[in-house]
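*Asks:* no FASTA, just this:
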């Protein structure tokens, strides 16, 4: 039962190691059980907004560049980050206040199966993400031979003649179509290259989309630009950069100088000091500092910031070949309010990130209490387990043997951990004063055909997926399904982020296999358990706890130290309440206490003030 729709991401990638020519391949695919009418257009627009986000664009490009390497290891889901973004876009939507208003059953598919492999009632969406900043897309119904524009797909459900009696609904149709008007139609040639056994680029389909782009005229540099470039070359070669100070007042001079500096493999300290004068005049300085593509070491980054280091909240050093792990430690130590840092395509490898995280407890983390997001491929690689991370898992205890995924994120700060858990609990409380039921309970009743064995994984994914970098959605108006009917009232959905507003999203990574097979000290999983009423519906009461392992060795003098260093020492499961968990992070794991204790108080009070809905776990399910 359902109105099944699949969405696919395709891109031009290097198919396998040794190849030199990029070809179209399917890089991500998801299935949505209830997706029809306007919804495919709505979700496609939502993905468009996600992909345009700065962090998402960076990570999508990075993942596509490593397609051959990833596909050799996991051909089912070669691009996990792209898959999670697509899954998010086609799963849920939030109101302008941030409340969840729609959750459909959606899950990732094996990209190697093709478009005709899965049960389908309501067509497919195909999006080309070769350039995340310039997407193209099409829709397909299997009784059609050509890619459909958003309007053609939608008119299959709402013909213009039939909508003449429903002007309000037609207004929604036009708004939904308009959201995608600027996105080019994906041609049949791209589909045929991606799935040659299913699609053929015949003569009558070659005109189904754009076949090229108009040539862009290259601007001719002015005499001033040419003169400045020669002067700049001379000043850099002879280390006389101060000679350019008198030209900074001219229009575009600062831009031309900075673009030139991006081409240098090495930048001297004298040039850095000169560039600092230019950066200081940027509108967002000093809270947001963009040093992408400038090859600066850690100390030079600080020189650029001058005396404003304590004010920096976002730092982008993308593409900096000289920015290594020592530079990262330097900026974490000297930028106490840093919340977001982009270190993609720097000299910092996955092994470097793992080494830094394995130095736990480590003084650098005490100086980075506000850090929420580190944008780096390590955190989106499903083959990499994150050391010292917090997992989140939702368990429906009626089905303890069902495989249940866990998502995890690095615990950079206690405050960020508390904020995430707070948002999870809020989803389990009544969404407004007019109802005593949470959104999740109401959603479950609206989907009586839902498979109970899928709900645990679905809710785990829901709680965690929105905290990927670049997951914030803004803009757009659309209707959403309510039971079997479509709401006709337009809504403006501006946010699908689960993190607190104005707080950078945390970075999540799937941890395969759920809880560790045996109790492990230093490994923490936030567990939510719900028991069904006769296996048919969710209850309003949730058991919770942070599950970890502890040694069973006697704790006499000297014994604790010996036990904690013995990998074979006997251990047992331990369930922590939230205050104990936060204290454990500070005392045992080396995290700094939050600068704003109210974030911890909020989540603790949320649990304490709702005893009819939340209670501490008394045991670990399945243990």
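*Replies:* Thanks, I have it. It should be emphasised that the depicted structure is a prediction, and the values quoted were computed from it without experimental measurement.

*Asks:* Please count neighbours and contacts with C-alpha atoms only from this point.
*Replies:* Noted.

*Asks:* For the nearest residue to residue 122 once chain neighbours are set aside, give the beta-bridge partners.
*Replies:* Distances taken as C-alpha to C-alpha, 6 or more residues apart in numbering place residue 5 nearest to residue 122, at 5.3 Å, with adjacent residues excluded. Residue 5 forms beta bridges with residue 32, as assigned by DSSP bridges.

*Asks:* Now do residue 5 against residue 391, distance only.
*Replies:* 30 Å (C-alpha to C-alpha, to the nearest Å).

*Asks:* what helix or strand does the closest residue to residue 313 other than its chain neighbours sit in?
*Replies:* Spatial nearest neighbour of residue 313, excluding adjacent residues (C-alpha to C-alpha, 6+ apart): residue 338 at 4.2 Å. According to DSSP states H and E, residue 338 maps onto no helix or strand at all.

*Asks:* I figured residue 338 hits residue 316, correct?
*Replies:* No - using C-alpha atoms under 8 Å, residue 338 is not in contact with residue 316; the gap is 11.1 Å.

*Asks:* Show me where the stretch 51-200 of the chain dips below the pLDDT cut-off.
*Replies:* Low-confidence segments of the stretch 51-200 of the chain (pLDDT under 70): 92-106.

*Asks:* go again using 80 as the cut-off
*Replies:* 74, 88, 91-107, 142-145 (pLDDT under 80).

*Asks:* What are the boundaries of the helices in it?
*Replies:* Assigned by DSSP state H, counting those that start in this stretch, the stretch 51-200 of the chain shows helices spanning 54-65, 67-73, 80-89, 150-155, 160-163, 167-178, 188-194.

*Asks:* which stretch among these comes nearest residue 128?
*Replies:* helix 188-194 (8.6 Å; C-alpha to C-alpha).

*Asks:* Run through the neighbouring helices and strands of the closest one.
*Replies:* Contacts defined by 3 or more C-alpha pairs under 8 Å, 6 or more residues apart in numbering; DSSP states H and E place helix 188-194 against strand 23-32.

*Asks:* pLDDT on the strand it packs on, on average?
*Replies:* Computed over strand 23-32, the mean pLDDT rounds to 94.

*Asks:* ok, now which ones touch residue 133?
*Replies:* When contacts are counted by C-alpha atoms under 8 Å, 6 or more residues apart in numbering, residue 133 is found next to 51-52, 57.

*Asks:* Most neighbours out of the residues you listed, which is it?
*Replies:* Most neighbours among the contacts of residue 133, by other C-alpha atoms under 10 Å: residue 51, with 27 neighbours.

*Asks:* what's the spacing between it and residue 44?
*Replies:* Note on residue 51: its distance to residue 44, by C-alpha to C-alpha, is 11 Å.

*Asks:* swap in residue 345?
*Replies:* 29 Å.

*Asks:* Same check on residue 123?
*Replies:* Distance, residue 123 to residue 44, using C-alpha to C-alpha: 13 Å.

*Asks:* Residue 170 now?
*Replies:* Counting by C-alpha to C-alpha, the gap from residue 170 to residue 44 is 19 Å.

*Asks:* Could you check which of these two has the larger neighbour count?
*Replies:* residue 44 (24 against 18).

*Asks:* Confirm for me that that one is in contact with residue 87.
*Replies:* No - look at residue 44 against residue 87 with C-alpha under 8 Å: they stay out of range, at 11.0 Å.

*Asks:* hey, where'd the strands end up in the stretch 301-450 of the chain?
*Replies:* 314-316, 340-342, 373-375, 389-396, 406-410 (DSSP state E, counting those that start in this stretch).

*Asks:* same question, the stretch 501-623 of the chain
*Replies:* Going by DSSP E, counting those that start in this stretch, the stretch 501-623 of the chain shows strands at 509-511, 524-530, 542-551, 571-576, 614-616.

*Asks:* Partner strands of the last one, with direction?
*Replies:* Paired strands of strand 614-616, with direction, are strand 542-551 (parallel) (DSSP bridges).

*Asks:* Repeat that for the second one.
*Replies:* The partner list of strand 524-530 in its sheet, established with DSSP bridges, is strand 389-396 (parallel), strand 542-551 (antiparallel).

*Asks:* from the ones you listed, which stretch is densest packed?
*Replies:* Across the strands paired with strand 524-530, averaging neighbours per residue (mean count of other C-alpha atoms under 10 Å) puts strand 389-396 on top, at a mean of 25.

*Asks:* returning to that earlier point: mind giving me TSV with the helices of the stretch 51-200 of the chain and columns for distance to residue 113?
*Replies:* Formatted as TSV, the helices of the stretch 51-200 of the chain follow (distance: least, C-alpha to C-alpha, whole Å):
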stretch	distance to residue 113
helix 54-65	19
helix 67-73	14
helix 80-89	15
helix 150-155	24
helix 160-163	36
helix 167-178	30
helix 188-194	12
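
*Asks:* Can you say which of the ones you listed is packed in most?
*Replies:* Mean neighbours per residue, mean count of other C-alpha under 10 Å, is largest over these for helix 80-89, with a mean of 25.

*Asks:* Need the residues that contact it.
*Replies:* Here helix 80-89 makes contact (C-alpha under 8 Å, 6+ apart) with 7, 9, 27-30, 43-44, 46-47, 50-51, 59-60, 63, 77, 106-108, 380-382, 465-466, 471.

*Asks:* Stretch 296-312 now?
*Replies:* Identification of contacts with stretch 296-312 by C-alpha under 8 Å, 6+ apart yields 266-267, 269, 272-273, 275-276, 279-280, 286-289, 320-324, 326-328, 330-331, 334-338.

*Asks:* Quick one: mean pLDDT for that stretch?
*Replies:* Taken as a whole, stretch 296-312 has an average pLDDT of 90.

*Asks:* Also stretch 238-252?
*Replies:* Mean pLDDT, stretch 238-252: 77.

*Asks:* and it, how far apart are its ends?
*Replies:* Counting by C-alpha to C-alpha, you get 23 Å between the two ends of stretch 238-252.

*Asks:* ditto for stretch 16-24
*Replies:* Stretch 16-24 has an end-to-end distance of 12 Å (criterion: C-alpha to C-alpha).

*Asks:* That one: which residues count as buried?
*Replies:* Neighbour-count burial for stretch 16-24 flags 16, 24 (criterion: 16 or more other C-alpha atoms under 10 Å).

*Asks:* any residues touching that stretch, and which ones?
*Replies:* Residues outside stretch 16-24 that contact it (C-alpha under 8 Å, 6+ apart): 10-15, 67-69, 71-72, 190, 193-194.

*Asks:* Make sure residue 228 is indeed in a helix.
*Replies:* Yes - under DSSP: H, G, I helix; E, B strand; the rest coil, residue 228 sits within a helix.

*Asks:* okay, now it: neighbour count?
*Replies:* Residue 228 has 17 neighbouring residues, counting by other C-alpha under 10 Å.

*Asks:* For it, give me the pLDDT.
*Replies:* If you check residue 228, the pLDDT there is 79.

*Asks:* Contacts only, for it.
*Replies:* Listed by C-alpha under 8 Å, 6+ apart, residue 228 has no contact partners.
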